[in-house]
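> Just the structure for this:
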Amino acid sequence: MKSTLVWCAAVFIVLGSTAESTTEERFGPMDSTDLHYRVRRQGPLAFAQRPVSISAELEDTVIFQCSAESNGGQPTLTWHKDGQRVTSSQTGIFLLANKNLLVLVSRDNLGTYTCQLELGDDVISTDAKLTLKSDEEQVEFLERPQNASVNFGERQVFRCKVTGDIQPTWLKDGSSMFLDGQRVFQHRGDLHITSATVADTGRYTCQVRNGEHTAVVYAWLAVNVDTELVCGRPVYKKGPEGFIVGGTEADPGTIPWQAMLWDLRPSRNRHFCGGALVNSQWVVTAAHCIIEAEVTKDDFIVRLGKQVAKRGVFEENERSYTVKEVIVYEGFVHDTYDADLALIRLTERVLYTDYILPVCLPSVGRARRLIRPGSAGTVSGWGRVVEGGPYSNVLKKVLIPRVSQGRCRKAHPQYDVTRNMFCAGRPGGGEDACDGDSGGPFTVFDEDREYLLGVVSWGDGCALAGKFGVYTRLHKFFAWIQAAVVEEDDDKENKLRIIPRAELQTMLATIRIPDDHLLITAQSDIEINWSQTRQLRRWLKGMAS
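Down below sits the predicted model:
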């Protein structure tokens with residue numbers, strides 16, 4: 001079993017001092033333009049811990065710590081960056097439950113961070129700066145690599161040149177092992193990638209040593225890959241074993257579509273549900289995750305490439321995305337969990353890597369074939385390891401068989417198991433999803449790909465004998481999903497948009513062009529570019545299956 005990769009080396013925790021400090025405190029409301037302020041030396045409002053300035057590297061993670069003296073009052077602590085109050089919508093800046101500030105180092109996040117305390121009319125504040133180490137080095141770059149985005153199979157050259165005869169070296173995600181001398185090689189100071197693949201997505205570092213000084217500059221490469229080409233095909237494959245309740249962990253990269261929904265609110269600051277990445281912009285989850293957590297799009301982020309669910313652990317393969325939109329299926333019935341489905345649209349496009357890939361959405365015909373009783377599917381998540389027990393700190397998965405509707409209804413006579421649900425599990429119990437796994441994927445392997453057939457919804461206990469886990473039957477909603485999750489593209493001519501005005505059930509017409517059949521649903525608007533829509537034509541044909 002591979003060990004979990006935890007990005008510990010990149011976390012700088014700066015411990016403030018409770019002793020007397022020469023750091024001045026502003027007295028009165030903070031104004032970034034006011035450089036003259038009185039020094040407050042005594043009084044009921046004082047800092048127990050002050051943030052200190054940090055010099056770090058790009059993509060490092062730093063924590064600014066700040067707290068108030070306990071002098072009987074309860075001051076309000078807020079953070080500001082360059083004079084503007086920090087909010088949950090800022091990319092790469094997170095307010096932790098203990099009021100400390102976690103910052104993912106990027107050029108946008110460099111600057112002055114201010115911790116401000118307020119108690120009644122009394123206000124004090126103190127500053128700390130975040131700067132780049134590389135900006136302090138004594139090496140002059142004549143050419144710097146630039147962030148780039150290329151299509152699968154295209155060529156990319158990163159330029160890097162410094163003064164003098166110093167030869168730079170290249171790293172990818174901190175390692176030099178990516179150079180093979182043929183497809184990826186260094187010529188003089190430049191890095192050449194002759195044919196880009198998914199594995200080439202990442203951060204490239206041009207590193208130069210000059211005596212005791214080491215200077216580095218970074219650039220990101222995004223390789224644009226057609227979702228249909230890579231969906232459901234993990235780079236790292238291993239058969240499922242164990243179970244989520246009391247089971248073994250999934251190896252990193254074996255479930256690259258697994259999403260973690262993380263509540264950013266200071267009172268929560270934890271994982272609360274799972275999800276499945278279905279393309280570069282959309283995640284599928286359960287409606288009850290959104291409703292019961294009472295989250296808005298600004299209250300949580302989606303973390304991909306995750307293995308560990310512990311607070312404060314940032315792994316080298318993970319990426320975090322803010323949320324642009326949440327769509328809960330309008331037919332969701334909270335009392336019965338019928339139609340338990342929601343979609344999450346990410347603010348930025350996901351960069352596919354070996355550890356972050358989408359799962360496939362099958363045609364309705366394929367889904368009906370794969371979801372028959374007896375067929376087995378994989379369920380994954382960070383839910384409780386036993387009913388009522390702690391949540392798992394690592395991602396787990398289990399292979400469980402689907403059971404018939406009749407058997408499931410008989411096992412849960414007091415609940416309504418609708419046609420929009422299906423059940424899976426073993427009669428003797430012991431293998432099941434549990435609290436915290438909600439929204440996660442139920443996938444089935446077929447023809448060298450994993451297909452998303454269900455979403456973890458509800459259960460009567462966890463892994464109990466005679467009971468089964470209940471999942472949202474996804475193919476009942478494929479028309480609704482496909483209408484929403486069309487990937488946006490800068491090339492508008494390459495888009496296919498289907499805008500349903502009502503439930504997509506009745507077939508209206510068949511168009512033959514020349515051997516393909518496109519079935520258009522009633523009460524729909526459709527805009528088609530035929531050269532780009534073969535996959536969706538197959539899906540539309542499947543609606544008649």
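> What is the burial count for Ile481?
The number of residues packed near Ile481 is 19, by other Cβ atoms under 10 Å. For the C-beta atoms, the positions are set from N, CA and C on the backbone; glycine is no exception.
> and it, what element?
Element membership for Ile481 (DSSP states H and E) is helix 478-484.
> so what secondary structure elements neighbour that helix?
strand 497-500, helix 534-542 (3 or more Cβ pairs under 8 Å, 6 or more residues apart in numbering; DSSP states H and E).
> what's the least confident stretch among those?
Lowest mean pLDDT within those: strand 497-500, a mean of 35.
> Next, Arg369: phi, psi?
The phi/psi pair for Arg369 (degrees, to the nearest 10) reads phi -70, psi -40.
> So for Leu474, what's the pLDDT?
At Leu474, pLDDT is 95.
> ok, it to Ile481 distance?
The gap separating Leu474 from Ile481 is 7 Å, by Cβ to Cβ, to the nearest Å.
> Show me whatever sits in contact with both of the two.
284, 361 (Cβ atoms under 8 Å, 6 or more residues apart in numbering).
> Report the spatially nearest residue to Val284, omitting neighbours in sequence.
Closest residue to Val284 apart from its sequence neighbours, by Cβ to Cβ, 6 or more residues apart in numbering: Ala276 at 4.9 Å.
> and if you look at Arg85?
Using Cβ to Cβ, 6+ apart and skipping the chain neighbours, the partner closest in space to Arg85 is Thr78 (6.1 Å).
> Distance check, that neighbour against Asp127.
Taking Cβ to Cβ, one finds Thr78 at 14 Å from Asp127.
> Please apply the same query to Ser67.
Applying Cβ to Cβ, the value for Ser67 to Asp127 is 16 Å.
> Can you list the low-confidence ranges for the chain?
1-43, 88-90, 134-138, 211-213, 238-248, 385-389, 428-436, 461-466, 487-545 (pLDDT under 70).
> domains of it?
11-132, 137-225, 237-477, 491-542 (automatic domain parsing).
> Can you tell me which of those domains is nearest to Cys231?
domain 237-477 (4.1 Å; Cβ to Cβ).
> and the closest one, how far apart are its ends?
29 Å (Cα to Cα, to the nearest Å).
> now that domain, how far from the centre of its chain.
14 Å (Cα atoms, centre = their mean, to the nearest Å).
> count of residues packed around Lys310?
Using other Cβ under 10 Å, Lys310 has 14 neighbouring residues.
> Could I get the full set of strands for the stretch 201-350 of the chain?
202-210, 213-224, 258-263, 270-277, 282-285, 300-304, 319-321, 323-328, 342-346 (DSSP state E, counting those that start in this stretch).
> Setting the sequence-adjacent residues aside, check what's closest to the residue nearest in space to the middle of the chain.
Ranked by distance to the mean C-alpha position of the chain (Cα atoms, centre = their mean), the top residue is Arg303 at 2.5 Å. Closest residue to Arg303 apart from its sequence neighbours, by Cβ to Cβ, 6+ apart: Met260 at 4.3 Å.
> try Ile193
Per Cβ to Cβ, 6+ apart, closest to Ile193 is Gln156, 4.5 Å.
> so how far is Val150 from that neighbour?
For Gln156, the distance to Val150 equals 5 Å [Cβ to Cβ].
> For the two, work out which one has more neighbours and name it.
The neighbour comparison of Gln156 against Val150 (other Cβ under 10 Å) goes to Gln156, with 20 against 17.
> doesn't Leu221 make contact with the more buried one?
Yes - at 6.2 Å, Gln156 counts as touching Leu221 under the criterion of Cβ atoms under 8 Å.
> what is in contact with the two at once?
Shared contacts of Gln156 and Leu221, counting by Cβ under 8 Å, 6+ apart, come down to 148, 150, 193, 196, 200.
> Highest neighbour count among those?
Going by other Cβ under 10 Å, Ala196 tops the shared contacts of Gln156 and Leu221 with 24 neighbours.
> any idea which element it lies in?
Ala196 belongs to no helix or strand, assigned by DSSP H and E.
> and it, what does it touch?
150-156, 221, 223.
> Helices of the stretch 101-250 of the chain, residue ranges please.
227-230 (DSSP state H, counting those that start in this stretch).
> roughly how far apart are Leu191 and Asn210?
20 Å.
> residues near the nearest residue to Trp282 once chain neighbours are set aside, how many?
The shortest distance from Trp282 to any non-neighbouring residue, by Cβ to Cβ, 6+ apart, is to Val485 (4.1 Å). By the measure other Cβ under 10 Å, the count of residues near Val485 is 19.
> Okay, Val485 and Val283: tell me how far apart.
In terms of Cβ to Cβ, Val485 sits 9 Å off from Val283.
> do the same with Ser438
Taken as Cβ to Cβ, the span from Ser438 to Val283 is 14 Å.
> can you check Gln146 too?
30 Å.
> For my notes, confirm Thr443 occurs in a strand.
Yes - according to DSSP: H, G, I helix; E, B strand; the rest coil, Thr443 belongs to a strand.
> Show the contacting residues for it.
By Cβ under 8 Å, 6+ apart, the neighbours of Thr443 are 232, 276, 359, 377-378, 450-453.
> From those, which land in strands?
Here DSSP state E is the test, and the contacts of Thr443 give 276, 377-378, 450-453 as lying in strands.
> State the pair within the residues you listed that is farthest apart.
Using Cβ to Cβ, the ones in strands among the contacts of Thr443 reach their maximum pairwise distance at Ala276 and Gly377, which is 12.3 Å.
> shared neighbours of Gln156 and Val150, anything?
With Cβ under 8 Å, 6+ apart as the test, Gln156 and Val150 both reach 196, 221.
> coming back round to it: with neighbour count and distance to Cys289 added, can I get the ones in strands among the contacts of Thr443 in a markdown table?
Shown next, in a markdown table, are these (neighbours: other Cβ atoms under 10 Å; distance: Cβ to Cβ, whole Å):
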| residue | neighbour count | distance to Cys289 |
| --- | --- | --- |
| Ala276 | 27 | 12 |
| Gly377 | 25 | 20 |
| Thr378 | 19 | 20 |
| Glu450 | 24 | 21 |
| Tyr451 | 25 | 22 |
| Leu452 | 26 | 16 |
| Leu453 | 28 | 18 |
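> Just the endpoints, please. Distance across stretch 324-334?
24 Å.
> buried set for that stretch?
Buried residues in stretch 324-334, counted by 16 or more other Cβ atoms under 10 Å: 326-329, 332.
> swap in stretch 408-421?
Buried-residue list, stretch 408-421, by 16+ other Cβ under 10 Å: 408, 411-412, 415, 417-418, 420-421.
> Stretch 157-175 now?
So, applying 16+ other Cβ under 10 Å, buried residues of stretch 157-175: 158-162, 168-172.
> So which of those is the closest to Asp60?
Leu171 (14.6 Å).
> how near is the residue nearest to that closest one when sequence neighbours are not counted to Ala411?
Once flanking residues are discounted, Leu171 sits nearest to Thr205: 4.2 Å by Cβ to Cβ, 6+ apart. Separation of Thr205 from Ala411 (Cβ to Cβ): 56 Å.
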